[in-house]
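In: fold the following for me, if possible:
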Amino acid sequence: MVEGEKVRLISREGEEFKVDARIQNMSILLQHMLEDLDGDYSEPVPLPAVPSKQLRLVIQYCQMHNFGKAQTDLVFPLPSKTPSEFINDPNELAFIQQFNEDELIEMISATNFMHVPALFELCCAMIASDLKGKDFN
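Out: Numbering: from 1, shown residues only. Okay, the predicted model is just below:
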């Protein structure tokens, strides 16, 4: 992979996103798909299960971490239900707090499909923190 090389990702709606090929450092699905291309990124990569809105946000998260955060730094089980007590990075905290529960579930679906472990686990932790300590009886 050449520094600054771009790959084209196609969302479920057909919207095209040009993004740094280093995104494969954070998405195992893209890593495998791009390996199959042998460095020829001229063909777009279809992501039929990922809506444009969520793809844009996944790309934003990857850019925020300079395409280098392959795993989460969260501690499990969560020590608290307060996100600021288990998310150390203020940028990551601000990013994830913008979502309501339905949006988090949509992000979980997108990150699960793209296999983006760091963001997937962050979204799951936010849902878990909301449920922590609740009685379901």
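
In: can you pull the contacts of Asp89?
Out: The contact partners of Asp89, taken as C-beta atoms under 8 Å, 6 or more residues apart in numbering, are Asp73. No exception for glycine: its C-beta is placed from N, CA and C like everyone else's.

In: where in the chain is pLDDT low?
Out: 1-3, 136-137 (pLDDT under 70).

In: in it, what residue spans correspond to strands?
Out: 6-10, 16-20, 45-46 (DSSP state E).

In: need those strands in a markdown table (columns: distance to Pro90 and mean neighbour count).
Out: Formatted as a markdown table, these follow (distance: least, C-beta to C-beta, whole Å; neighbours: other C-beta atoms under 10 Å):
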| stretch | distance to Pro90 | mean neighbour count |
| --- | --- | --- |
| strand 6-10 | 28 | 18 |
| strand 16-20 | 23 | 16 |
| strand 45-46 | 32 | 16 |
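
In: with distance to Gln98 added, can I get those in TSV?
Out: TSV is the format used below for these (distance: least, C-beta to C-beta, whole Å):
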stretch	distance to Gln98
strand 6-10	22
strand 16-20	19
strand 45-46	26
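
In: which among these is found nearest to Pro83?
Out: Pro83 lies closest to strand 16-20 among these, at 27.0 Å (C-beta to C-beta).
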